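In: Below: sequence and its predicted model.
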Amino acid sequence: MIDTFPPFLIFFIGAAILPLIPQGNLRSAISLIFPVISAWLIWTMPEGLHLSMAFVGLDITLLRVDKLATIFGLIFSLAAFLSLLYAWHVRDTVQQVAALLYAGSAIGAVFAGDLITLFFFWEGTAIASVFLIWARGTEGAYHTGMRYLIMQIASGVILIAGAALYFRTTGNVEFTSMSDLFAAGDIGTILIFFAFGIKCAFPLLHNWLQDSYPAATITGTVILSSFTTKLAVYSLARGFPGTEILIYIGAVMTLFPIFYAVIENDLRRVLAYSLNNQLGFMVVGVGIGTELALNGTAAHAFAHILYKSLLFMSVGAVLFRTGTAKGSELGGLYKTMPLTMIFCVVGAASISAFPLFSGFISKSLILSAAAHDHYYVIWAILLFASAGVFHHSGIKIPYFVFFAHDSGLRPKEAPWNMLLAMGLTAFLCIAIGAYPAPLYSLLPYDVDYVPYTTTHVITQLQLLFFSALAFTVLMRTGIYPPELKSINLDTDWTYRKAGPSVIHWFSWVIGSFYTWLTKLMSKTTERTIKRLYRSHGPEGQMARSWPTGAMVLSIAVLLGATLFINFLV
Amino acid sequence: MAKTPKDDPANYPALGRWLMFLDKKKNVDRIVYGLYALCTALFLADFLYYKKVYLDLEKFPGFYALYGFFMCAALVVCAKLMRRYLMRSEDYYAPHDVEAEEYPEDGLDRESVND
Amino acid sequence: MAAEETHHVAKTFMDHLPVLQVVIPLFAAPIIVFIGKRSLAWPIAFAASAAAFVISCILLIQVLDGGFISYHVGGWAPPLGIEYRIDAANALVLALISGIGTVVLPYAYESVKAEIPKKNHTLFYACFMLCFTGLLGMVATGDAFNVFVFLEISSLSTYVLVAQGANHNKRALTAAYDYLIMGTIGATFFIIGLAMLYMATGTLNMADLADRIADEGTNRTIRAAFAFIVVGMGLKVAIYPLHHWLPNAYTFAPSAVSVFLAATATKAAIYVLLRFMFSVFNPSFVFEEWTLYIVFIPFSLLAMFAASFVAVFQTNIKRMLAYSSIAQIGYMLLGIAMLNATGLSATLVHLVNHGVTKAALFMGVGAMMLYSGSAFFNNLNGLGRKMPLTGAAMVASGLSLIGVPGTAGFISKWVLVQAAFENGWWIIAIAIMLSSLLAVIYVWRMFEVLYLTAPDPQSTAKEAPLAMLVPMWVLAIACIWFGFDTELTLGSARVAADGLLAGSAGMAH
Amino acid sequence: MEQLIDWAFIVGHVNYWLFIVLMMTGLYVVVARGNLVKKIVGLNIFQVSVFMLYISIGKITGGTAPIFPVDLTGHIEPDPSIVYSNPLPHVLILTAIVVGIATTSLGLALIVRIREAYDTIEEEDILKIEREMTAEDNKEYGAAMGGRA
């Protein structure tokens, strides 16, 4: 029994008892226990299907344990632990409970053996996570949270609609590879794909990510960055491995965010764009679908969660001390926050895939898989994207925050809990990069890949240092775009500006047409208008109580109609 | 730069004080020259070992170096051009939009800045 | 109570259960009046309804395997004698009615004290018992004319109960009057239909009727009878164009009455409609199919949208809930019109789920009216914050009304959508989802008023008394519970639907 | 059919014709009359038509009262030659008559209360009063809701 205790339940139990513990260090310490128990449970769970039951005539499996689920479950537990450590100082019950529920839902979704269970946890992540945005307490955060929630809930609604159709087609709701059905154009699977796509921030569906992550609280962003999108990657890897369209979607995903990232001023948004770009690598891996590629996706997700959290943590620590995360207002912080700077550089080196850092040993799996299966153009795009990542995440973030021109800010070093969380994460990034064997052994398939070859190391160093060279040259020649207080338009423009203005325009047109019409009518007959008002006004016909006679008449009419139909056929 | 107690290097963390050498223009230049040298060395290294690769294209000496350099330069130039079309003021969507708002004071731990 | 001689040799207490659950509340009513003490009225009523609830639960368990219990009143064998026939379909509805009745009474204790003059309390409980009897009787009986008798017992007492709201708003009187005229016409249509059935077949026992109609096939008399019965009962159901009595009756009735009516009255009528359509008449009759397709589907779609829109624009929360009930009845009729087992089980399960949900919501509003004095949105501003437990119960049941996954409402809508897919009715399935969106709007408006607006600084509102909170939470928890544990509701609904669709065969002796 | 009008059919179904006429009269009164008492009267006529329908269908041509001849010892001697009317509809309609009386009295009682509350029993006036009440409510409470949804 104990070996099949569902790990998500640990988090839910934690969320239930946490508010009972007095606010303070004790509560923060206890919150750290739950991810540890969860990781231990996941580690010891036997493979196979557990806790199967029937629900509304459907076969439900709460726990489906295999290697793909386990690696995601483990990294989610690890990420939850690190984030909660980072958030030790937070004294806000809502955020603490939301974080636990969020992590629990994500882990529950990873082990879901069927689409219905997946749906429940899918919506669970959406609802729990939005509180991390709302917790910031500003009006902007409220609206952003609303937009985020709408997108996430929409994704869930589409998922359940897809699941219903999938059930109609196949007669079960098992969550397994749907690639064949998808290729055959089955509408249910297409909907499910679309739902995953929203959560995975596919191009044109991506903007909720850049919109919401920078709006959350400092600790909230760190937690957000770990779960939602990686859950989507997991779902794609589970449901649609080898779906070719994913390769192209992923390639576009790696490509366009780097342009935005270069000119973006809000550094947390820069990280959100680079998150999108990193997801692209994983999506490409899922699309290729070979064992090597899927291994690459899982490994990259694992490494990515760590270094992306580390970057968000370091920018968060700066935000925590200075109150801003804008490139235009920061600079020269290395003097007073040197440890944060070093951790940030470790994160930057990892995301840029420097040898001996974690990105190096995970990203190359996907690149090799692409080249191996002769996707040369994709390979070239990924290579370009790798250089681009280095450019904006690897150089831009540390450079503009900690070096560049001195902003005059002299904040204190980050608090101990943040430093500890960052230190642990940084250690893991380096450990995985230097000694990848343990991570490789966790991957869903056997690995016979050797990342450290002369060719690989030298070519990678060439790529990175010449990118750095390009940055230096452009910086010194003044071509590099300066950090400006501004925002850049993205797809959210469609629904934040274009949509409303189109609606305004339409309502203006219709409104003036209506006014014209009523004026015209008032000229012809005043009586008609009076009658119109009487039936459509605030006490309109539909809502008004009818005279008894009219009610009775309606019965008679309906009876007549029914009799007529009955005698007719 | 105002000379307040906080600005006194003596109050910086030891690591920060040690890193102060970066403030000098000369040292920065040295690092840049180091980068140039390193890049040259990496470029030349391509002629010194057996390159085990998938594509013929990769065999081209210094392919990765040139690809990295020119693509990055192109990236920056493109992005800079995009700014012309995409850049808006911070109040574009709403006066209280997230970017335009001050971070809530109570969410900060700023005692070190003000005291 | 004499017993039937032939089938059972030894009569035990258990054998009399089908009739006891109707008779106990029936006798409770005169006892309350004769004793005449205000302090005793409530305990007697509560004891009677609790007894009925226990009995209905026992009956439900007995028939869950798909069998039925036939009880011969006075020992007269059917078809001449009156037969009570309990199977999964009506046992489920009986459990709903008696369960709601039992839960409403503790609630009524406080709410009646606040809303109805003291001198009327005794008679109020007597009337309540009669209404309760009538609803149970019309569901339990297997005799068509007996349905009419119990229908009138429940209707007459309902008119009185609705009129009790006059203390608060005089429009309760006209609401009751309108309801009386409409209800009487509906019931009279129903007995005209019965007369025609009797002319055609010479019997009034439902099982017997079913057999004879199956043997003889159709003729004009039977068709006319069908039309009269459907329209007559449809009026009690509040099928869309016949719904006009409902909003006023629900709005102006005392809170406890609104709760009870919303949860049970229309539900019992729907059950009778189902019984006649599927057991007495044969659903494979062409005229019946056409009636369903041409009358039921358009009108239920109309109800789902028109009534929901009206609900969106209401300024009075009770009225909003009433219109939402009309829309929800649309779902149930749609389930019937699907003419398949899934659709029927959707109807039955929605009948129970919606009954529980609406009762919880009306209870919440009633509790708030104790302090606000009216159910207008403006007067309820911020009350969710002042009455956190009441507010939370309303949120839980509000979510169920929308059909959020994890609540009872989701289960019924899910099954209904499945049924639509089974028939390949895409558009209907989409319509169901769209109309759920309207529910999101009006329920959200309720949440907004309860939580997001500032409370009136002069408001003296505090948490509702325990006697109201407990019933409310029992129902709110049921809303959630039935969203996860579907064994009880959906399980018995499936058995019941299979029984109903088996047609007259299911009624055979 | 050689005849244009089938007199035998019409005369033979006279009870149905009367039933239909009464029923329609009743319904018409309910629909057309604004006076609440008149509506109740109409409702009564409507119900009475049903009583008539039931009673007439129980009647069998040449039938007599369904009472078995009993001799002094109480022994029943059924005589197959005697045709009895069907007693069942008559019994049923007794119940319906009781229901009708209850409905009428309740309706009238309600009218008394309505008269006390509204000072009128003309439906038009009552509706006017109620519309004014709705309009007032709307004026007071409607504005807050008007902007939304």
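Out: Right, received. Where do you want to start?

In: all contacts plus neighbour counts: C-alpha atoms, from now on.
Out: Will do.

In: where does the stretch 401-509 of chain C dip in pLDDT?
Out: Low-confidence segments of the stretch 401-509 of chain C, defined by pLDDT under 70: C:503-509.

In: State the phi and psi torsions of the closest residue to chain B within it.
Out: Taking Cα to the nearest Cα, chain B has its nearest neighbour within the stretch 401-509 of chain C at C:L452, 19.9 Å off. Phi and psi for C:L452, reported as degrees, to the nearest 10, are phi -100, psi -10.

In: ends of stretch A:180-196, how far apart?
Out: From its first residue to its last, stretch A:180-196 covers 17 Å (Cα to Cα, to the nearest Å).

In: how about that stretch: buried residues?
Out: Neighbour counts over stretch A:180-196 (16 or more other Cα atoms under 10 Å in any protein chain shown) mark A:181-182, A:186, A:188-196 as buried.

In: would you turn these into JSON lines with pLDDT and secondary structure?
Out: Putting those into JSON lines (pLDDT from 0 to 100; DSSP: H, G, I helix; E, B strand; the rest coil) gives the following:
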{"residue": "A:L181", "pLDDT": "88", "secondary structure": "helix"}
{"residue": "A:F182", "pLDDT": "88", "secondary structure": "helix"}
{"residue": "A:D186", "pLDDT": "86", "secondary structure": "coil"}
{"residue": "A:G188", "pLDDT": "88", "secondary structure": "helix"}
{"residue": "A:T189", "pLDDT": "91", "secondary structure": "helix"}
{"residue": "A:I190", "pLDDT": "91", "secondary structure": "helix"}
{"residue": "A:L191", "pLDDT": "91", "secondary structure": "helix"}
{"residue": "A:I192", "pLDDT": "93", "secondary structure": "helix"}
{"residue": "A:F193", "pLDDT": "93", "secondary structure": "helix"}
{"residue": "A:F194", "pLDDT": "91", "secondary structure": "helix"}
{"residue": "A:A195", "pLDDT": "93", "secondary structure": "helix"}
{"residue": "A:F196", "pLDDT": "94", "secondary structure": "helix"}
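
In: Output the below-cut-off pLDDT ranges for chain B.
Out: In chain B (pLDDT under 70), the answer is B:1-7, B:90-91, B:93-115.

In: remind me which residues of the chain are low pLDDT?
Out: No chain specified, so I'll use chain A. For chain A (pLDDT under 70), the answer is A:1-3, A:56, A:507, A:514, A:518-546, A:569.

In: Switch to chain C, please.
Out: When residues are selected by pLDDT under 70, those of chain C lie in C:1-11, C:503-509.

In: Contacts only, for the residue with the largest distance to the centre of it.
Out: In terms of distance from the mean C-alpha position of chain C, C:P457 ranks first, at 38.8 Å (Cα atoms, centre = their mean). By Cα atoms under 8 Å, 6 or more residues apart in numbering or on different chains, no residues touch C:P457.

In: Now the most centrally placed residue in chain A. Nearest residue, chain neighbours left out?
Out: Centroid check for chain A by Cα atoms, centre = their mean gives A:T229 as the closest residue, at 3.2 Å. Nearest non-adjacent residue to A:T229, counting by Cα to Cα, 6 or more residues apart in numbering or on different chains: A:C200, 4.9 Å away.

In: I'd like to know how many residues surround that neighbour.
Out: 25 (other Cα atoms under 10 Å in any protein chain shown).

In: That one and A:F227 touch, don't they?
Out: No. If you go by Cα atoms under 8 Å, A:C200 and A:F227 don't touch, sitting 10.6 Å apart.
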